[in-house]
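> here you go, sequence then predicted model.
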Amino acid sequence: MKTKITFLLFFSLLMPISAQVTNSVVPKPVSAEVQNGSIVISSETKIWIELGEEMQTLGDLVASAINSRIKAKVFATAKMTKDIPKSLIKLKIESGFSTSEAYKIIMTPNTISLSAMSGNGLFYAIQSLLQLMPIETEGKTFSIQCINITDEPRFAWRGMHLDVCRHFFPIEFVKKYIDVMAMYKLNTFHWHLTEDQGWRIEIKKYPKLTQIGSIRKETMGDGKPYRGFYTQEQIKDVVEYARRKYINVVPEIEMPGHAQAALACYPELSCTGGPFEVGTVWGVINDVFCAGNDRTFEFLKDVLTEVMDLFPSQIIHIGGDECPKTRWKACEKCQTRIKVLGLKDEHELQSYFIQRVEKFVNSKGRKIIGWDEILEGGLAPNAAVMSWRGVEGGIAAAKAKHYAVMSPGTHCYFDHYQAQSGEPKAIGGFTNLEKVYSYEPIPEALNEEEAKYIMGAQANLWTEYIKTTEHAEYMLLPRMLALSEVVWSPKSSRNLNDFLERMKFQYSYLKKHNYNFRAPRDEIK
Ligand code: ACM
Ligand code: ZN
């Protein structure tokens with residue numbers, strides 16, 4: 001008897017937990033209501049889609065998730081039968097959503113209905129549905145607890161950055177990175193392609209950039225050459241791969257600073273004339289593009305022309321951070337430029353530099369974004385700001401009616417330590433999962449009107465101390481999931497304990513997809 005009571009007590013304690021675990025979706029949807037009953041998925045399940053290539057691709061995603069779980073051969077088809085099948089998944093384009101990314105899931109014990117205004121919204125509906133499926137199944141069927149979801153993102157810019165310059169990552173990994181972003185409804189991949197320590201993108205007009213600029217003779221004194229770059233064909237392949245996952249790729253070409261790899265190839269674009277070698281140690285380097293030399297701007301126009309041909313992104317990142325003014329102060333050309341234009345100082349010279357580049361990018365129908373130093377000396381007229389040295393840059397930009405993306409080092413730098421001890425060597429800082437989760441992208445200093453200029457937030461993965469793909473995944477995950485909730489879910493639904501509860505499923509989900517991640521100590525077997 002006592003055993004029976006203990007047993008019942010045990011189960012009644014378990015009930016609310018299992019009810020909660022029914023919906024482990026990350027990022028948390030705007031609304032999710034568990035319904036009575038569940039739907040059985042089997043080899044008899046039909047997937048109905050609308051006609052078209054995009055719909056077929058989306059339907060195939062659902063089919064393959066089912067087939068991999070129960071070893072069936074269900075498929076998506078636009079050919080509907082008159083009889084309503086016992087188990088049906090419908091993908092439908094409908095109007096009446098707030099954005100192309102919004103979606104709805106309605107479930108009954110017979111039907112799962114996914115709807116959205118576009119393929120993008122349906123893709124996100126599918127991402128949620130995949131998280132509602134069991135990870136492992138035995139046998140020929142599985143069931144999904146009925147749940148109705150209405151969902152839309154809070155922010156338009158939901159970004160992740162990857163530095164492929166300090167350490168280089170192969171195309172297969174870049175795609176795997178894009179895959180996990182898509183699983184969690186992130187939509188902007190910021191690809192940091194040029195640096196002091198390596199130029200990683202092929203530019204046809206300047207072949208030395210990759211012949212010389214993609215190789216450094218050693219790293220922090222290790223005596224071993226290090227190299228790597230992407231061909232234009234590989235870049236196109238990644239951009240198209242990301243597009244199919246509804247992710248925009250924003251390339252970053254660093255200027256005027258962090259340019260030593262380029263200057264090693266074309267020293268005439270510097271203030272001193274060089275010679276230079278591709279950077280071998282981390283930090284901020286004094287040699288930068290000369291702002292008094294028109295050839296610098298011709299070079300950058302040519303590079304950006306090829307970059308804009310490769311990347312359809314409306315917005316191009318031009319760097320702008322950490323540009324020491326030492327060389328400009330001592331350079332005759334730079335000083336002449338300051339005098340002729342009546343500029344106050346080298347900060348205004350940097351502003352001139354960025355504005356000149358912006359004018360060119362705007363002439364091609366695109367816009368620029370830069371790190372928050374581009375505010376110094378005066379912001380270029382149409383530029384957006386990526387606030388990294390804190391939130392002040394984002395606040396200043398929004399108050400001046402410029403768009404901003406929040407990426408403060410305090411909460412959004414995934415090269416920081418994830419725990420106080422026992423972690424692999426990192427650059428410094430402390431940004432654990434909880435801290436990322438606590439981030440609020442709209443600074444209190446902004447009123448409602450100004451807050452509209454905050455496009456969203458992103459986290460950055462700088463790779464000075466990250467040499468391998470496993471390590472990169474470890475630094476990315478699980479923190480990226482906290483970020484996804486920060487940028488997608490309503491502010492009012494943020495609840496750390498609820499998030500951590502849902503994360504239990506997500507760790508298994510990441511494992512299923514072969515990602516390396518930092519498991520919470522003592523919580524995960
Ligand atoms: C940066 O972290 N230097 C943008
Ligand atoms: Zn100069």
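Now that the structure is in, tell me what you want to look at. Note that the structure is a prediction, hence the values are computed from the model and not measured. Ligands and ions are numbered 1, 2, ... in the order given.
> can you give me the pLDDT of Met1?
Looking at Met1, its pLDDT reads 40.
> repeat for the one 10 residues further on
Reading off the confidence values, Phe11 has pLDDT 42.
> repeat for Met15
40.
> can you check Arg521 too?
pLDDT, read off for Arg521, is 79.
> the nearest residue to it once chain neighbours are set aside: what's it in contact with?
Distances taken as Cβ to Cβ, 6 or more residues apart in numbering place Ala419 nearest to Arg521, at 7.7 Å, with adjacent residues excluded. C-betas here are computed from N, CA, C, even on glycine. Shown in contact with Ala419 (Cβ atoms under 8 Å, 6 or more residues apart in numbering): 432, 518, 521.
> can you check Ala72 too?
With contact taken as Cβ under 8 Å, 6+ apart, Ala72 is in contact with 42-43, 45, 66, 140.
> ok, and the most crowded of those residues?
Ile66 (23 neighbours; other Cβ atoms under 10 Å).
> show me where the stretch 401-525 of the chain has helices.
For the stretch 401-525 of the chain, applying DSSP state H, counting those that start in this stretch gives helices covering 409-412, 433-437, 448-451, 469-476, 479-488, 496-512.
> in a markdown table, list those helices along with distance to Ile49 and mean neighbour count.
Putting the helices of the stretch 401-525 of the chain into a markdown table (distance: least, Cβ to Cβ, whole Å; neighbours: other Cβ atoms under 10 Å) gives the following:
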| stretch | distance to Ile49 | mean neighbour count |
| --- | --- | --- |
| helix 409-412 | 37 | 20 |
| helix 433-437 | 36 | 19 |
| helix 448-451 | 38 | 12 |
| helix 469-476 | 32 | 20 |
| helix 479-488 | 25 | 26 |
| helix 496-512 | 25 | 17 |
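> dump those helices to a markdown table, plus distance to ligand 2 and mean pLDDT.
A markdown table is the format used below for the helices of the stretch 401-525 of the chain (distance: least, Cβ to the ion, whole Å; pLDDT from 0 to 100):
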| stretch | distance to ligand 2 | mean pLDDT |
| --- | --- | --- |
| helix 409-412 | 29 | 98 |
| helix 433-437 | 40 | 98 |
| helix 448-451 | 37 | 98 |
| helix 469-476 | 36 | 98 |
| helix 479-488 | 39 | 98 |
| helix 496-512 | 48 | 97 |
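> tell me the residues of this protein that contact ligand 2?
Within reach of ligand 2 by Cβ under 5 Å from the ion, the chain has these residues: 271, 290, 292, 331, 333-334.
> so which of these are in strands?
The strands, defined by DSSP state E, take in nothing from those.
> out of the contacts of Ala419, the closest to ligand 1 would be?
Closest approach to ligand 1 among the contacts of Ala419 (Cβ to the nearest ligand atom): Asn432, at 19.3 Å.
> chain center to the helix or strand hosting His317: distance?
Following DSSP states H and E, the helix or strand that holds His317 is strand 315-319. Counting by Cα atoms, centre = their mean, to the nearest Å, strand 315-319 is centred 15 Å from the centre of its parent chain.
> and stretch 466-480, by the same measure?
Relative to the centre of its chain, stretch 466-480 is centred 13 Å away, using Cα atoms, centre = their mean.
> ok, residues contacting that stretch?
So stretch 466-480 is contacted by 160, 162, 166-167, 169-170, 173, 176-177, 180-181, 184, 186, 414-415, 418, 424, 426, 431-433, 436, 459, 461, 463, 503, 506-507, 510, 515-518 (Cβ under 8 Å, 6+ apart).
> and the residue sitting nearest the centre point of the chain, how far from ligand 2?
The residue lying closest to the centre of the chain (Cα atoms, centre = their mean) is Met160, at 2.3 Å. Applying Cβ to the ion, to the nearest Å, the value for Met160 to ligand 2 is 35 Å.
> so what does the helix or strand where that residue lies touch, helix or strand wise?
Assigned by DSSP H and E, Met160 belongs to strand 157-163. Secondary-structure packing of strand 157-163 (3 or more Cβ pairs under 8 Å, 6 or more residues apart in numbering; DSSP states H and E): helix 171-183, strand 188-192, strand 454-459, helix 479-488.
> Lys339: which of the ones you listed is closest?
Smallest distance to Lys339 across the helices and strands packed on strand 157-163 (Cβ to Cβ): 34.6 Å, for strand 188-192.
> list of residues touching the closest one?
157-165, 174, 177-178, 181, 238, 242, 247-252, 254, 317, 456, 458, 460, 462.
> repeat that with 6 Å
157, 159, 161, 163, 178, 242, 247-252 (Cβ atoms under 6 Å, 6 or more residues apart in numbering).
> now stretch 329-345
Outside of stretch 329-345, the residues within contact range by Cβ under 6 Å, 6+ apart are 271, 290-293, 328, 349.
> endpoints of it, how far apart?
This stretch, stretch 329-345, spans 9 Å end to end (Cα to Cα, to the nearest Å).
> likewise stretch 371-382?
End to end - Cα to Cα - stretch 371-382 spans 14 Å.
> also stretch 218-234?
From its first residue to its last, stretch 218-234 covers 25 Å (Cα to Cα).
> closest residue of the stretch 201-350 of the chain to ligand 1?
Asp321 (4.2 Å).
> and the spatially closest residue to that residue that is not a sequence neighbour, how many neighbours does it have?
Excluding its sequence neighbours, the residue lying closest to Asp321 (Cβ to Cβ, 6+ apart) is Trp371, at 3.5 Å. A count of nearby residues for Trp371, using other Cβ under 10 Å, gives 24.
> what's the answer for Glu218, then?
14.
> show me the residues around it that make contact.
Neighbouring residues of Glu218 by Cβ under 6 Å, 6+ apart: 224, 280.
> secondary structure element holding it?
Judged by DSSP H and E, Glu218 forms part of no helix or strand.
> list phi and psi for it.
phi -170, psi 170 (degrees, to the nearest 10).
> how much space between Tyr509 and ligand 1?
30 Å (Cβ to the nearest ligand atom, to the nearest Å).
> ok, that residue - contacts?
So Tyr509 contacts nothing (Cβ under 6 Å, 6+ apart).
> once you drop chain neighbours, what's closest to Val30?
Asp151 is the one closest to Val30 (Cβ to Cβ, 6+ apart), at 5.0 Å.
> who is that neighbour paired with across the strands?
Here Asp151 sits in beta bridges with Tyr103, as judged by DSSP bridges.
> from the chain's centroid, how far away is the helix or strand where Met308 lies?
Secondary structure from DSSP H and E places Met308 in helix 294-310. The chain centre lies 25 Å from the centre of helix 294-310; the measure is Cα atoms, centre = their mean.
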